[in-house]
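# missing the sequence, but the structure's below:
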């Protein structure tokens, strides 16, 4: 982990805060005040940024790299819940939870830099500037709605449909040749299927000539066929 001091600091946090869709609603003076208390840290791959149950002292903005949030089940198996890429704010909901604890663990996925905004500073900014509180509420409400839709989709789709939909979505961002942002074991947990099932499906699809590759690197040879396999997940709103 690297702490960045003033002598070698990147451009002030004001720049990315002003461009952020939530924090950018603050007036310049309030934005500058929040930026002054934000601190920047760099993390190596696999570094833990905070643990489930830790005191929730900061929310995080991902400057570059990515952060995975996860939980562990009773057997000690980890379940990746979400992956936050550059430009995303995470753990902001924890800043307002009555128990004041992080509800999950956060871990760097590859070299990563984050800005940490203190809990007290964010809450004070919301109290003094209601538009920020409303924008945060809108953002968190949308995220909750997306999670509800995901749960609904997971309950009415099978393993092949989930994997096909995931790969098609990734190809929309990366093209036909793509690199999975996480391991196959984590991907299987994310899709709610067993790792053995995921491996079997990929082997079958390779035999059919629909995909080619291994581990994290895959080439989708027949995107249209996979799109046909995917369960429809989009809603009208």
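Thanks, I have the structure now. This one's a predicted model, so the numbers in the text were calculated from it and none came from an experiment. Numbering: from 1, shown residues only.
# Tell me, how many residues neighbour residue 188?
As a burial measure, residue 188 scores 22 neighbours (other C-beta atoms under 10 Å). The C-beta positions use only the backbone N, C-alpha and C, and glycine is treated the same way.
# Might one say that it is in contact with residue 202?
No - Residue 188 lies out of contact with residue 202 (C-beta atoms under 8 Å); the separation is 10.4 Å.
# give me the low-pLDDT residue ranges for this structure?
By pLDDT under 70, the weakly predicted segments of the chain are 1-11, 231-237.
# domains for it, by residue range?
What automatic domain parsing lists as the domains of the chain is 2-133, 157-229.
# Residue 95 versus residue 122, what's the distance?
According to C-beta to C-beta, to the nearest Å, residue 122 stands 5 Å off from residue 95.
# And residue 200, by the same measure?
Distance from residue 200 to residue 95, by C-beta to C-beta: 42 Å.
# Just want to know which of these two has more residues nearby.
residue 95 (20 against 13).
# contacting residues around that one?
By C-beta atoms under 8 Å, 6 or more residues apart in numbering, the contact list for residue 95 reads 56, 59, 119, 122-123.
# Would you list the buried entries among these?
Among those, those scoring as buried are 56, 59, 119, 122 (criterion: 16 or more other C-beta atoms under 10 Å).
# which among those residues gets closest to residue 91?
For the buried ones among the contacts of residue 95, the minimum distance to residue 91 (C-beta to C-beta) is 4.5 Å, reached by residue 59.
# check contacts around the closest one.
Going by C-beta under 8 Å, 6+ apart, residue 59 touches 89-92, 94-95, 116-117, 119, 122.
# Would you check that residue 125 makes contact with residue 26?
Yes - in this structure residue 125 lies within contact range of residue 26 using C-beta under 8 Å: 6.4 Å.
# Endpoints of stretch 218-228, how far apart?
Stretch 218-228 stretches 19 Å from its first residue to its last (C-alpha to C-alpha, to the nearest Å).
# Check stretch 42-57 too.
18 Å.
# Mind listing the strands the host helix or strand of residue 68 pairs with, and their directions?
In the assignment (DSSP states H and E), residue 68 maps to strand 66-72. When pairing is defined by DSSP bridges, strand 66-72 lines up against strand 78-85 (antiparallel), strand 105-108 (antiparallel).
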